[in-house]
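Participant: can't give you the sequence, but here's the structure:
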């Protein structure tokens, strides 16, 4: 059986040392603990680079599945639809589009519903027999007219902001690197190239070549990711009609999508 020995460019320390080598700067033994202005700036832009990478793409290593059992928790208000709120996962960043389903009924959930549509539904109660109607506000996941216990299961996929694994506690994930051994969950090569580009940019140096290198690597990396299936607009006996009134982001009381 073969053995492997590979350098991990994703730890905070190794990332900073690699960027220093690319910039022809002195390579410190402890870049994370260094007070040198160049290193202080590099530490800041490295964390900023990871957040920009999070915004740039739906990375497979940061894609997670979530589940909420939706049921009535409080008595409904007379003459209005009931609503109930649930906490989002602690590492929640944003939903992956078109992944929100009522797993109990095997039907897409309707949302996110706009504030205007939500108030319409609140005044004119709607049934939740076939699907779940949802929106996000105040960092919580809200459902309209939740079913009675045992409820229905809302399943979804989301992008996690748990970008960094802690050096001392492998079960602790966070969104900012602070220790030498903290490990970024994103691609090490892309992190190195983007950190170099952002450091040059922050110092006022020419960053055009560094930006080109990053874009080429980024395009190559995301091109290797598996894309989403093409949605079926017509449907048939053996195909689920993914584009239909049942799973449009929002539907009016008359079954037509609101503009």
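Facilitator: Now that the structure is in, tell me what you want to look at. No experiment lies behind these values; they were computed from the predicted model shown. Numbers count the residues shown, from 1 in each chain.
Participant: For residue 113, which non-adjacent residue is closest in space?
Facilitator: Excluding the flanking residues, the one nearest residue 113 by C-beta to C-beta, 6 or more residues apart in numbering is residue 135, at 4.7 Å. Quick note: C-beta positions are derived from backbone N, CA and C, even for glycine.
Participant: Please apply the same query to residue 150.
Facilitator: Excluding its sequence neighbours, the residue lying closest to residue 150 (C-beta to C-beta, 6+ apart) is residue 71, at 6.6 Å.
Participant: So that neighbour versus residue 82, what's the distance?
Facilitator: 11 Å (C-beta to C-beta, to the nearest Å).
Participant: just residue 29 next, same as before
Facilitator: Residue 29 is 61 Å from residue 82, by C-beta to C-beta.
Participant: Looking only at neighbour counts, state which of these two leads.
Facilitator: The neighbour count for residue 29 versus residue 82, taken as other C-beta atoms under 10 Å, is higher for residue 82 (17 against 9).
Participant: so the more buried one touches residue 143, yeah?
Facilitator: No: Residue 82 is not in contact with residue 143 according to C-beta atoms under 8 Å; the separation is 9.0 Å.
Participant: and the residue nearest the centre of the chain, what does it touch?
Facilitator: In the chain, the residue lying closest to the centroid (C-alpha atoms, centre = their mean) is residue 159, at 2.0 Å. With contact set as C-beta atoms under 8 Å, 6 or more residues apart in numbering, residue 159 has these partners: 54, 58-59, 62-64, 93-96.
Participant: most neighbours, which of these?
Facilitator: Most surrounded of these: other C-beta under 10 Å gives residue 54, at 21 neighbours.
Participant: Secondary structure element holding that residue?
Facilitator: According to DSSP states H and E, residue 54 maps onto helix 37-56.
Participant: Buried residues, that helix. List them.
Facilitator: By neighbour count with 16 or more other C-beta atoms under 10 Å, helix 37-56 contains the buried residues 38-39, 42-43, 45-47, 49-50, 53-54.
Participant: now, which of the residues you listed sits nearest residue 183?
Facilitator: residue 50 (11.2 Å; C-beta to C-beta).
Participant: can you tell me which residues contact the nearest residue to the closest one once chain neighbours are set aside?
Facilitator: Spatial nearest neighbour of residue 50, excluding adjacent residues (C-beta to C-beta, 6+ apart): residue 163 at 4.9 Å. Listed by C-beta under 8 Å, 6+ apart, the contact partners of residue 163 are 50-51, 54, 62, 173-177, 184-186.
Participant: re the thing from before, format the contacts of residue 159 as JSON lines; extra columns: secondary structure.
Facilitator: Shown next, in JSON lines, are those (DSSP: H, G, I helix; E, B strand; the rest coil):
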{"residue": "54", "secondary structure": "helix"}
{"residue": "58", "secondary structure": "coil"}
{"residue": "59", "secondary structure": "coil"}
{"residue": "62", "secondary structure": "helix"}
{"residue": "63", "secondary structure": "strand"}
{"residue": "64", "secondary structure": "strand"}
{"residue": "93", "secondary structure": "strand"}
{"residue": "94", "secondary structure": "strand"}
{"residue": "95", "secondary structure": "strand"}
{"residue": "96", "secondary structure": "coil"}
